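> everything below, folded, please.
(chains A and B)
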Amino acid sequence: MALNSELSLCDKKGSEFSLYLNLGNDCSTPVWTFHKGVTGDLAINETEDEEELSVRDPAQVVKQYVDSKIDVEISGQQVVDALYEGTRFLNSARSGGNPVDVAVLSGYIGDVGSEGWRGRFRNFDRSRTGPETGAPNQTFRLKPAACQSTACRVRPVMIAVAGTVGDYDPAVYY
Amino acid sequence: MKSVANEMTAGERRERLLHGLRATSVEEVVVNFSHLAHAIGMDKAEGMISNLVAMDGLIPTPYSRKPNFVSEGLCTINREEAIEAILRVQEKVAKINIDQRLKK
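Sure thing, here's the model as predicted:
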């Protein structure tokens, strides 16, 4: 994918971060719908463990680290509406339920340049709060689900121009 | 005959798309264009879509550190229109199958 020397995608609102749900939950034939019940901040947390490789070589004066695995977490809040399909879908990824196929992007799904993660996640936080004033809301915290087929595994994705030869790899600059 | 990377037959694709489309009640949804074309045919699919983009991703490969690069075409469609188109194709295929059995 061609990169720009000028800033071209920076004129965006944080609220354009968006969560899409594959409500049929069939990873091989997804049907994406926008989760319009997300409120407050939507965060894509992507961190890695610092795997230090310590050797006794006296010439090594700085700590060195080896490649690690990525810890992905999608967190945010949603409306409390048990009859809304988006709320119900995320709540179904609880203990005893099934992981859900979602895509979280840094923009809308039709916007070229949006990037994020897609795959099946489990929801580990479904805390609800009913404030004295204001609308109630519910937290969600999604983590990649284990034991998934290749089509369902969590992976980085990016929206590109259709019909072009894509070469997206977040680990590659050149 | 299986197609779209030998994943499934067109009949199976129609079933799965129908399942996904019926799982929601929103007016517009985003689907993979090749799946839609596989299910109802290229001509009909082309007439239904808007805002075609690609979703590039890296699919993990078993026993390898190098993932596979996959680019899928995503398009926006009207949900009810797509359900009707799939049902029409299913009906047509069913009629053809019945006719073929009657001829035997």
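> and residue 14, what's its pLDDT?
Using chain A here. Here, the pLDDT recorded for residue A:14 equals 87.
> chain B, not that one
For residue B:14, the pLDDT comes out at 94.
> please list the residues of chain A that sit near chain B.
Proximity of chain A to chain B (C-beta under 8 Å from any C-beta of the partner chain) is limited to residues A:1, A:20, A:22-26, A:28-34, A:85, A:103, A:109-112, A:118, A:150-151, A:153, A:155-164, A:166-170. All C-beta atoms are positioned from the backbone trio N, CA, C, and that covers glycine.
> got the buried residues for the strand or helix carrying residue A:89?
If you go by DSSP states H and E, residue A:89 is part of helix A:85-91. Going by neighbour count (16 or more other C-beta atoms under 10 Å in any protein chain shown), the buried part of helix A:85-91 is A:85, A:86, A:87, A:89, A:90, A:91.
> stretch A:109-127 now?
Buried, per 16+ other C-beta under 10 Å, within stretch A:109-127: A:109, A:111, A:113-123, A:126.
> just those: which are in strands?
Among those, the ones falling in strands (DSSP state E) are A:115, A:116, A:117, A:118, A:119, A:120, A:121, A:122, A:123.
> could you measure from the nearest residue to residue A:78 once chain neighbours are set aside over to residue B:80?
Spatial nearest neighbour of residue A:78, chain neighbours left out: residue A:37 (4.7 Å); criterion: C-beta to C-beta, 6 or more residues apart in numbering or on different chains. Relative to residue B:80, residue A:37 is positioned 22 Å away (C-beta to C-beta, to the nearest Å).
> which of those two has more neighbours?
Between residue A:37 and residue B:80, counted using other C-beta atoms under 10 Å in any protein chain shown, residue A:37 has the larger neighbour count: 19 against 11.
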